[in-house]
Every structure is written in C-alpha cells, then in structure tokens.
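1. Using only what follows, build the 3D model:
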Amino acid sequence: MATKSKFNKNVKAWYQETRSPLMAVVMGTVLLLLYGAGAAFLDWRQVSGVDFVTPWLLEWFGPVGILYFNGGVALLALVIVLLLRFWKKKRFRPALVVPVLLESLCWALLMGLTITFVIRETAHFALAAGVDPFAGLGATGKVTLALGAGFWEELVFRLGLTGLLLLLFVPGMNLPRWLGVALAVSVSSILFSLAHYLGPEEFGWYSFTYRSLSGLYFALLFSLRGFAIAAWTHALYDVWVFFS
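-> Residues are numbered from 1 along each chain as shown. Okay, here's the model as predicted:
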C-alpha cells in the first residue's frame, strides 16, 4: 500500500511539474532559441507561418537582430525563472528535461499513427506522396522550421487563441466548462487549419481535415499536459513529417 501511495504521489508530482508555468518558460525558451539560431541563416520568407517577429528582425537588422533578440529572450526567461524561484518558491529541475523530451516524442509518434489511421478509415482520402516544397532547405532548414512551428503555432493557437476562447465561452458566455472547453478546442483547431491557407497554398479537403485533426490533437494535449510538452510534441512531429 505504501509503495502504491508513493507511486501515485510521484505521478502527481510529475504531472504538476511538467505542465507548470516554470517548465513552459524554460522549455519554450530553449525551443525558441534553437529556432532563432537556425532562422538567422535562413531566407526570411521560409520561417514559420505565424512568426511575424523573425521576418521583421531579419528584414531590418539581419542575422544580428536574431542574435540580440535571442539574448533578450534568454535574459527575460532567466528573470522569470528567478522570480518564480524566490517569489513562488518554485524550483526548476534540469533532470526533467530529457523525460519531457521523451514524453513529447511518444506523443508525436502516437499522433502520426493515430491521425493517419483516422483519415484513412473515415475521410477516405488518398495519402499519396506529393512534391516536397521544402526539399531545397536541407536537413538544417527543415529542423529549424519544425522548431519554429512548435513554438509559434502553439503560442498563438493554443496558449493564445484557445485561452481567449475559453475566457469568452466560460466566464464570458457563462457556458458549462465542459462545453466551453469543447468549443474552444474545436474552433481553435479549425482556425489553425484555415490559417495555413493565408499564403499561396490552395485549399484542399485533405489538408484541411488533416490540419484540423492535428490542431485538435495539439489543443487536447495542451489542455492536459501544458505548453512545454505540446510545443515540443509539435516540433518533433514536424521533424518526423519532414523526414518521413
């Protein structure tokens, strides 16, 4: 009984620590810094679609602008970590980094298998391989884009949009929480899919359905496991897609 109680306590501690704001700040910052380092050497038109910061920095200041921005982000993250450490008595444990990455990798692989199966069995879309529009980027460019998508798309669509929709539906419209969560997750997932067509890409039912299901998966993961794991799952999943 004591062993079971200790196990439950450890699982609860893992759940709370890995989805905490402190973990989100640290792991999100690492993701952004890695993306920024790669984006400094990429053409600005090839950065993550919802990233409006990097193109502006590259256009006006060049690669050095990204380096200064990365430095500012790292400094801000350090200040936040110190504030949480001494004000909220929250301590970051570096030993959790590798387990968080491994959990994110498991979610990414599960996502790939699940969404492909659902589309095959329900939507009856052909999953034919097409021309890779990112083939000219090379391995470094593809990994950089995946990291950027993981950070910026989770920041905008899950942390930002889903959070705002929850405020709108639950306290704003006084809906039951379960209904508010369902609506927020569904609407943000559809908007996430539609946002990909703001550029030159033409609308397609396969891509729309695929991205809507992906957005739903990320939104649910964000709700259950927090920003850090959702962002890294997104990034690792995109890496898998780019090279599969």
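2. Show me how far the longest helix belonging to the chain is from its chain's centre.
-> The helix that spans the most residues within the chain, counting by DSSP state H, is helix 205-243. Average the C-alpha atoms of helix 205-243, do the same for its chain, and the two points are 7 Å apart (Cα atoms, centre = their mean, to the nearest Å).
3. What's the mean pLDDT across it?
-> Per-residue pLDDT values over helix 205-243 give a mean of 91.
4. Report all helices and strands that that helix contacts.
-> Contacts defined by 3 or more Cβ pairs under 8 Å, 6 or more residues apart in numbering; DSSP states H and E place helix 205-243 against helix 2-18, helix 21-39, helix 97-118, helix 138-153, helix 177-195. Just so you know, the C-beta spots here come from the backbone N, C-alpha and C atoms, and that holds for glycine as well.
5. What's the mean pLDDT across the longest one?
-> The reference is to helix 97-118. Averaged across helix 97-118, pLDDT comes to 89.
6. With the second one instead?
-> If you average the pLDDT over helix 21-39, you get 91.
7. ok, now the fourth one?
-> Over the span of helix 138-153, the pLDDT mean works out to 90.
8. name the helices or strands packed onto it?
-> The contact analysis (3+ Cβ pairs under 8 Å, 6+ apart) places helix 138-153 against helix 21-39, helix 205-243.
9. about what we covered before: please identify which of the helices and strands packed on helix 205-243 is closest to Phe227.
-> Set against Phe227 and scored by Cβ to Cβ, the helices and strands packed on helix 205-243 come closest in helix 21-39, at 4.0 Å.
10. could you give the angle of the helix or strand just after the closest one to helix 138-153?
-> Downstream of helix 21-39, the next assigned helix or strand under DSSP states H and E is helix 53-61. Interaxial angle of helix 53-61 relative to helix 138-153 (axes from the mean of the first three to the mean of the last three Cα atoms, to 10 degrees): 110 degrees.
11. how about helix 53-61: buried residues?
-> Neighbour-count burial for helix 53-61, with 16 or more other Cβ atoms under 10 Å as criterion, is recorded at 53-55, 57-58.
12. Return the member of those residues nearest to Leu175.
-> Of all those, Leu175 sits closest to Val53, with 33.7 Å by Cβ to Cβ.
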